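[1] Take this sequence and fold it.
(chains A and B)
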Protein chains: 2
Amino acid sequence: MSTTENEVAVAEGTSSKHARLVYFFGDGKAEGNGDMKDVLGGKGAGLAEMTNAGVPVPPGFTITTAVCRHYHANDSTLPTEFAAQQDAALARLEASIGKTLGDASEPLLVSVRSGAKFSMPGMMDTILNLGLNDHSVVGLANKTGNARFAWDCYRRFIQMFSSVVMELEKSEFEDLIEALKHKRKVHLDTDLTAEDLQTLVADFKRHVRKRKNRDFPQDQRHQLAMARDAVFRSWNNDRAIYYRKQNGIPDDIGTAVNVQAMVFGNMGSTSGTGVGFTRNPSTGENHFYGEYLTDAQGEDVVAGVRTPLPIAQLEQEMPSVFEQLHTITKKLEMHYRDIQDFEFTIQEGKLYLLQTRNGKRTAQAAVRIAVDMVKEGLITEQEAVLRVDASSLDQLLHPRLDPKAKTHVIAKGLSASPGAAVGVAVFDADTAAELGNAKKKVILVRKETTPDDIHGMDAAQGILTATGGMTSHAAVVARGMGKPCVSGASGIHVDDKARRMTVGNTVVKEGDWITIDGSAGTVMLGAVPTIDAEISGEFEAFMAIADKYRRLKVRSNSDIPRDAIKAREFGGEGIGLCRTEHMFFAEDRLPYVVQMIMAAPMVKTRKEQLEAREKAFEALVSSPPVEGKAGKAAHKKAVATHKKGIAAIKVELAVLKKDLATQEKSYKTALAKLLPFQRKDFYGLFKAMSGYPVTIRTLDPPLHEFLPKREELMVDIARFKQATVADKKDMAKRYRMTVAQLKNGMPELLRRVEDLHEFNPMLGHRGCRLGITYPEITEMQARAIFEAACEITAKGGTVVPEVMIPLVGTVTELENQANIVRRVAEEVIAKKGVKLEYMVGTMIEVPRAAITSERIAGVAEFFSFGTNDLTQMTYGFSRDDAGKFLPEYVDKKILAGDPFVSIDQDGVGALMAMAVKGGRAARPKIKLGICGEHGGDPQSVEFCHRIGLDYVSCSPFRVPIARLAAAQAAVRGSAKESDRR
Amino acid sequence: MSTTENEVAVAEGTSSKHARLVYFFGDGKAEGNGDMKDVLGGKGAGLAEMTNAGVPVPPGFTITTAVCRHYHANDSTLPTEFAAQQDAALARLEASIGKTLGDASEPLLVSVRSGAKFSMPGMMDTILNLGLNDHSVVGLANKTGNARFAWDCYRRFIQMFSSVVMELEKSEFEDLIEALKHKRKVHLDTDLTAEDLQTLVADFKRHVRKRKNRDFPQDQRHQLAMARDAVFRSWNNDRAIYYRKQNGIPDDIGTAVNVQAMVFGNMGSTSGTGVGFTRNPSTGENHFYGEYLTDAQGEDVVAGVRTPLPIAQLEQEMPSVFEQLHTITKKLEMHYRDIQDFEFTIQEGKLYLLQTRNGKRTAQAAVRIAVDMVKEGLITEQEAVLRVDASSLDQLLHPRLDPKAKTHVIAKGLSASPGAAVGVAVFDADTAAELGNAKKKVILVRKETTPDDIHGMDAAQGILTATGGMTSHAAVVARGMGKPCVSGASGIHVDDKARRMTVGNTVVKEGDWITIDGSAGTVMLGAVPTIDAEISGEFEAFMAIADKYRRLKVRSNSDIPRDAIKAREFGGEGIGLCRTEHMFFAEDRLPYVVQMIMAAPMVKTRKEQLEAREKAFEALVSSPPVEGKAGKAAHKKAVATHKKGIAAIKVELAVLKKDLATQEKSYKTALAKLLPFQRKDFYGLFKAMSGYPVTIRTLDPPLHEFLPKREELMVDIARFKQATVADKKDMAKRYRMTVAQLKNGMPELLRRVEDLHEFNPMLGHRGCRLGITYPEITEMQARAIFEAACEITAKGGTVVPEVMIPLVGTVTELENQANIVRRVAEEVIAKKGVKLEYMVGTMIEVPRAAITSERIAGVAEFFSFGTNDLTQMTYGFSRDDAGKFLPEYVDKKILAGDPFVSIDQDGVGALMAMAVKGGRAARPKIKLGICGEHGGDPQSVEFCHRIGLDYVSCSPFRVPIARLAAAQAAVRGSAKESDRR
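    Take a look at the predicted model:
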């Protein structure tokens, strides 16, 4: 029978005489060990492990979880053999520490702490200073020479014990303290003297008797038993039950109880206390780091009442203790194979380690430590890869607030794009562009941004919006640009007319300095000092290690050559998404885009009208009047009418044909103008990514996004009559018309905007639906892509364009668009006479595409998951609107997190897995990637690795994060593999 | 070796001497039979079957499909043994008909027709009158005594043969006809005399020689060979290939060729021709029905040049022929076990049946015939069930246009809700309600309808909208009301300000009469006569038969008691969907709904503010100023400031608490006012459906739908300053405020409308998301449901309320809402002291719900598929916007049909099947239904049957359709079952 089985037997009330229920640790040896978490709980196992490792932790003993289970299963009674075991352990503890529980002159004080198998921080109870009573408090005062300390310990113990064990209200004791302070006319607890505290102890004891009708227990063994049982009971308090439910911890495993000697750093000049790190947690440098105070308690170091000394000084003051501490902590670092954050106390020249744990560190330190530890042979490369939180790399790539700076936070929003930015607030894109181009630092503040604002965003240091989520336009574009952005700062009211924003009573006017921290989602008044990103040599070394283990390729979402170059610098291995529409918004192109949008549907309408009238014409011509009974005269008249009808319809046809020709010309001209722009853009991208794949998506957004806003137009039309010459000129400039054109041009534009209006644009006429309605646009884009690719190839470059069709839901949609692209590709390639490989594929962003993926893969050479849209449609959440209830959903734990940030693996992920299976079934070598915003989220990257994608694609600044996350996924994956073997 | 295998062997060129390649039919016996479609094609097999059944069809022979395959596989040559077989068959044909091919005085004329295994109507070629040449045409003229007829036959033959066999342009022959007509100064072909036609024959022959450099073939056997081979070749013309591709017909099966004697009804007074039905195809009455002409050709009957006689008269004129015809067609009806539509010709006293097929019939006739034939023992009940097109039942339940009426169609839209309606056009709901309540007939014409228009729709005869699809608001509500509706008539421009609509140049003003046909989707000027629905006793009998075989239950989507009663009349077996929000729009409730919407979020906001300020208060109180180095004076000042701060925050807290109380009161009052309304509605529904289940959905639409439109409000606010007293009164009435309240009330309303604005409301804050944010609304609705149910129960009624939570995507959402519903249910039931069963379930309308159905079924006791939303999200189509590209998608065959009309089985259906599987896995007895618009579509009903749902639910007027469709699905299903056995 193994130990654990014994324990279970005890809990079940079928105890064996030989079951060990109490495990001692101390004097360099523990009865348990670090693997016995089931029996000793996490804390108890840790104390045993440290003791066995030769670390001088204060001695004590652990009461097993089995005792707790027995307690709860048997009407709060303990196994019969328990008492003897506890007595024995206590005796060993007293011997080890050289003090006796209940001794009046040199009392042993102990802590009594819970400690379950799984960490449940703060959920169960702890009692400190147990062992004090009316006699031993005096002994402690004498021994420490600090009466105030002794009485303070005692009153704290009474307070803690009374509330935890005797279930009195904590606040009632606070009231007594307040009353005494009032009486003594002091404000702070620390103003109370030793005598005051002695009075307080008397008050407390009176209060206990009054409320409980019994005295505060003076017998220390009795105190210990009561405390132990209280800890057992705390396993089933409401907080703990709730915590276990939330964290999936079983209810029936029980907690262990740790009874440990208390040690004191305030017993004179050979005592002291301190904290430290085995390496610098800020920079990662490998030197011993910490601070301490002599004759002090642990809380004094933290409280900042006295200024602690650097740890180096301890070498002078207590060289042997320092040496011991240094040796032990290095050993701990070797043992745990990670930087250690430790607390220690020196009691009368004897060193105790109170705690050690893996140290928290900055991203910079994490990288350096990982690289160093590999060099030192302390950890493997695989371990190093796992030692850095992928998300934290953001800190290294963006400027951040000076941690020492004081800030006045006025609003909070979403951490939409990381980094800190400082500038004057401006409330429209034009002003931002103007000031920005004049080298002024600006923060563009908008209710929400639209594609119209791109030039302003480009010129700004950072972007702040009042609405919109993590995947709003502002957030997506800012991340693409690597600019800090705080989105959805809903406390802010932006008034762009008045050029100001208000937050509560604070008003920020155009030109006022503000600071945003896109990593924290905060908005601050004034120009807060920032520090630049520090990319070190270790970073390169670390990423090189990570890249060795990565299976997933990492590409970037880049629309313009500049971004593509940035992506290459960050290690991007191609472009996973080029949003061609982003090229449409540039000042020199938008007029042609508008022209295209105005003409395209007219061509369609005119063609349909012409066809209908031609049919009518044929019908008329082929049914001349028949001479019937009505006589010759009537017939003659009928013939004349018939002729007139034919003539009229001929005129109509001529008019229609002429207008069709005009519209067609306008449409074709617009497309012809756009072609060279697009070709040039693609050429730049291909060049920047030479040798790497470049995925270009055909036009995606609904056309109305390229036209002015409806309300704006309506207001301008209404204002036009009264408008001054200057006003009209302004309008003309904005609408890119002459003043003369405005009168008819604006209403015409408005009609088109109204035609294009949709109730749910996200589910509307966009994506491939546009290309199917207007095949000429797809054709133009394909031509631009292949002409650019052929040009690069002709010059000896290498490029494999991947043309991606968006929003495909049925294989027929893809077929329609792929046919156009392939036809144009073959045409261009034949004409240019070069050899060029290319692929045509689709986004999987509509649930139906995932469901019918097997059929779609019959046509698609690659799939790229557009998880933004896929998430929207799988949940039925609009990412622009979900801000109204998503925070509440997360609060109420209806969702574990925002599914637009990290892939919802159960829902969206299930569809992805389905598509991977379907795609591979139809086309075993199909290329699979992701280009949604999730491509830069570590958890999502891990998921993509697990379901077997070939690459992830994300904004350039997240490429390193994705590279690391991909490496971590691979390392974890092969660890699991080898587990299974 | 079977015949078919032989044939294949021939085609492969490995022919066996004994293979039969030509099958004769005639003289009461055919060599083939009706099962040999592979060999003889559909038409050939049919002719053989008829002949064998003793039907006097003109004799002939069928050349097998194997010959065609051989022809294509072997360089256009025929199997060696073919010629002899054809000669033999031709000889038998000549003997049978008593005429000889090529005979100058009594020539045998034949038709040569294609006929593949699968029908490919019009795709391949046909040649008539083969056997005519310069000599035999004279014989035919003599024999028929009709020279014009003979020469017309000959010129037609030349024309047909030249185009089909010799591949000359048809239009060139038409030109020659035109030239002759011009020369003769006549307008119609029929004006040409026998001599003219003789001239034309000469012209034609000249033309052939000119173009082909050879004479038109005069040898009849040569003609036959050429025609046969042309039919073989036509198997591979472009049209035929395309048709096969579209219809999934294999390319390699080839066509048979049928050579059949031509018979003539124009050979004197003992000849004639006619058409008929074995029963009345319009009413279904069982009497012989048809008409005929003596001494006439088939086309004369159709062309209407002479008035045909009723078939009864044939009994007088040619009693034995009539008797024979009657006997044969009755026999045919027995043989095919369905009403027959036949064509016959009497050639010199001898009767020939040229064609017989199952007759087309009206819905009324279909029902009567099915019921009668069961009574007659002609068909089984199962067959009867399959004999009526489920969709056609619509005709029986709604008034329709008088088929004899002349109509002037001005626009076409979607057939949104069936039936014809006549009324004067009105352009706003209030006027519609006013006139409608004054018993005037009105058609409500809107760009689109909103829930605001319900009262107008209710008062109108029919509804016409310019935008919106088959599941737009207008369509859904109209179908629910059983009112005709044409939606998405995009040619119409509605100007509700000017109270008129325009279609091209036609203007319809308020008060003008219009007619809509919701079955055809047409809009007509004027009041077109209609005929009422004719529900006959046979209908009841038929539905009773259908119900015997149905497995699926059929429920109705009904929101109010009146609809529920209607649904019961139509056989509804419960309510599958009660949309509680439809109850919110009534005049007496809307004010409270608005009050609820205004207060609810304020309660939330105030609570949050209060909490934040209370925290600030605590923080302030617990950190009094500390006396530092600055001295006593500074400390005193700090203390004073601190006190002031505390005082100020106390005032703030008081204000917040007071306002919270006000808002809470307003919110609770509104809910309290709504509760009795809802309870009364539910009571009515439960009563109407006593004994049947009633599914009630909690609040679903986004709240903004209950508030005024944003633009309207903005305009009113702008107008308010200049408004006259009358204007203000009007506004006050519309906003349900006093005039004094308007000034602040309208902007307040506007702010709330703007708060509620969403970019994509379909994916926004609606469905269970509302109930989660505002649990009090769910609670109120649950209370109303269970109080009503308890009341019914207390009075001895039976009701099992099924509370349905909409738009669930995660099990946690459902848990949240189900907990509320179940808590309230238990409370109410306990209080009322009755025994009540109830269920809580969910809609499956979000893809994620289908994907995670297994987990959701852990909480849901039933699933109801909301396939409207599921279709929207699975495709990413907004049903309100998809009209912009769906028609084009269907045109371009990207979609086979509108997925909002019939379930997309591959995509949406796959998700449904997934949910059925997941739901049953977690809860084997889970109840499964559908309540989307698809519940009334026969194809979709069949799909629901197949995937194993328990019920479908549709609008009351579609209940009979769904019942029949469900029965048909069951009958077809068990037929397939028994096939498999």
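
[2] dump the residue contacts of A:A478.
    A:A416, A:S417, A:M457, A:G462, A:I463, A:P484, A:C485, A:G518 (Cβ atoms under 8 Å, 6 or more residues apart in numbering or on different chains). (Glycine included, C-beta is placed from N, CA and C.)

[3] any low-confidence regions in the stretch 601-750 of chain A?
    A:619, A:622-631 (pLDDT under 70).

[4] Could you point out which residue ranges in chain A have low pLDDT?
    Using pLDDT under 70, chain A drops low at A:1-18, A:298-306, A:471, A:534-535, A:619, A:622-631, A:977-981.

[5] picking up where we left off before, ok, so of the contacts of A:A478, who is nearest chain B?
    A:A416 (17.4 Å; Cβ to the nearest Cβ).

[6] contacting residues around the helix or strand harbouring that closest one?
    According to DSSP states H and E, A:A416 maps onto strand A:414-417. Here strand A:414-417 makes contact (Cβ under 8 Å, 6+ apart) with A:463, A:465, A:468-470, A:472, A:474-475, A:478-479, A:482-489, A:518-521.

[7] Look up how far B:I646 lies from the residue in the stretch 51-200 of chain A that chain B sits nearest to.
    Taking Cβ to the nearest Cβ, chain B has its nearest neighbour within the stretch 51-200 of chain A at A:H187, 5.9 Å off. Per Cβ to Cβ, to the nearest Å, A:H187 is found 15 Å from B:I646.

[8] do A:G907 as well
    A:G907 is 50 Å from B:I646, by Cβ to Cβ.

[9] Look at those two and report which has more neighbours.
    Legend: neighbour count by other Cβ atoms under 10 Å in any protein chain shown for A:G907 and B:I646, higher for A:G907 (24 against 13).

[10] count of neighbours near the nearest residue to the more buried one once chain neighbours are set aside?
    Nearest non-adjacent residue to A:G907, counting by Cβ to Cβ, 6 or more residues apart in numbering or on different chains: B:R848, 3.9 Å away. As a burial measure, B:R848 scores 28 neighbours (other Cβ under 10 Å).

[11] same thing with A:S955?
    Taking other Cβ under 10 Å as the neighbour definition, A:S955 ends up with a count of 28.

[12] For it, give me its contacts.
    A:V476, A:R479, A:G480, A:G482, A:S556, A:N557, A:E933, A:G936.

[13] Just put these in CSV and tack on secondary structure and neighbour count.
    As requested, these are exported to CSV (DSSP: H, G, I helix; E, B strand; the rest coil; neighbours: other Cβ atoms under 10 Å in any protein chain shown):
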residue, secondary structure, neighbour count
A:V476, helix, 23
A:R479, helix, 25
A:G480, helix, 26
A:G482, coil, 19
A:S556, strand, 33
A:N557, strand, 28
A:E933, helix, 25
A:G936, helix, 28
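
[14] quick check, nearest of these to chain B?
    A:V476 (14.9 Å).

[15] contacting residues around the residue nearest to the closest one when sequence neighbours are not counted?
    Distances taken as Cβ to Cβ, 6+ apart put A:E933 closest to A:V476, at 6.5 Å, once the chain neighbours are dropped. Shown in contact with A:E933 (Cβ under 8 Å, 6+ apart): A:M470, A:T471, A:V476, A:R479, A:T867, A:N868, A:F900, A:V901, A:C954, A:S955.

[16] near chain B, anything from stretch A:868-882?
    Yes - counting by Cβ under 8 Å from any Cβ of the partner chain, chain B has neighbours in stretch A:868-882: A:D869, A:Q872, A:M873, A:T874, A:Y875, A:G876, A:F877, A:S878, A:D880, A:D881, A:A882.

[17] Among the contacts of A:A478, which one sits closest to A:E178?
    Nearest to A:E178 out of these is A:G518 (Cβ to Cβ; 44.2 Å).

[18] So the closest one is in contact with A:V422, correct?
    No - A:G518 sits out of contact with A:V422 when judged by Cβ atoms under 8 Å, with a separation of 11.9 Å.

[19] quick one, which of those two is more surrounded?
    It is A:G518, of A:G518 and A:V422, that has more neighbours when counted by other Cβ under 10 Å, with 29 against 22.

[20] wait, what's in contact with the residue lying closest to that one once chain neighbours are set aside?
    What sits nearest to A:G518 in space, not counting adjacent residues and going by Cβ to Cβ, 6+ apart, is A:P484, at 3.4 Å. Each residue near A:P484 by Cβ under 8 Å, 6+ apart is listed here: A:398, A:417-421, A:461-463, A:478, A:516-519.

[21] As a check, name the ranges of all helices in the stretch 301-450 of chain A.
    Using DSSP state H, counting those that start in this stretch, the helices found in the stretch 301-450 of chain A span residues A:312-317, A:319-336, A:363-375, A:381-386, A:394-397, A:429-437.

[22] now do the stretch 1-150 of chain A
    A:3-11, A:37-52, A:65-73, A:82-97, A:136-144, A:147-164.

[23] Would you mind putting those into a markdown table with distance to A:Q382 and mean neighbour count alongside?
    Shown next, in a markdown table, are the helices of the stretch 1-150 of chain A (distance: least, Cβ to Cβ, whole Å; neighbours: other Cβ atoms under 10 Å in any protein chain shown):
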| stretch | distance to A:Q382 | mean neighbour count |
| --- | --- | --- |
| helix A:3-11 | 31 | 19 |
| helix A:37-52 | 24 | 23 |
| helix A:65-73 | 34 | 24 |
| helix A:82-97 | 41 | 18 |
| helix A:136-144 | 50 | 20 |
| helix A:147-164 | 45 | 22 |
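
[24] Thanks a lot, catch you later.
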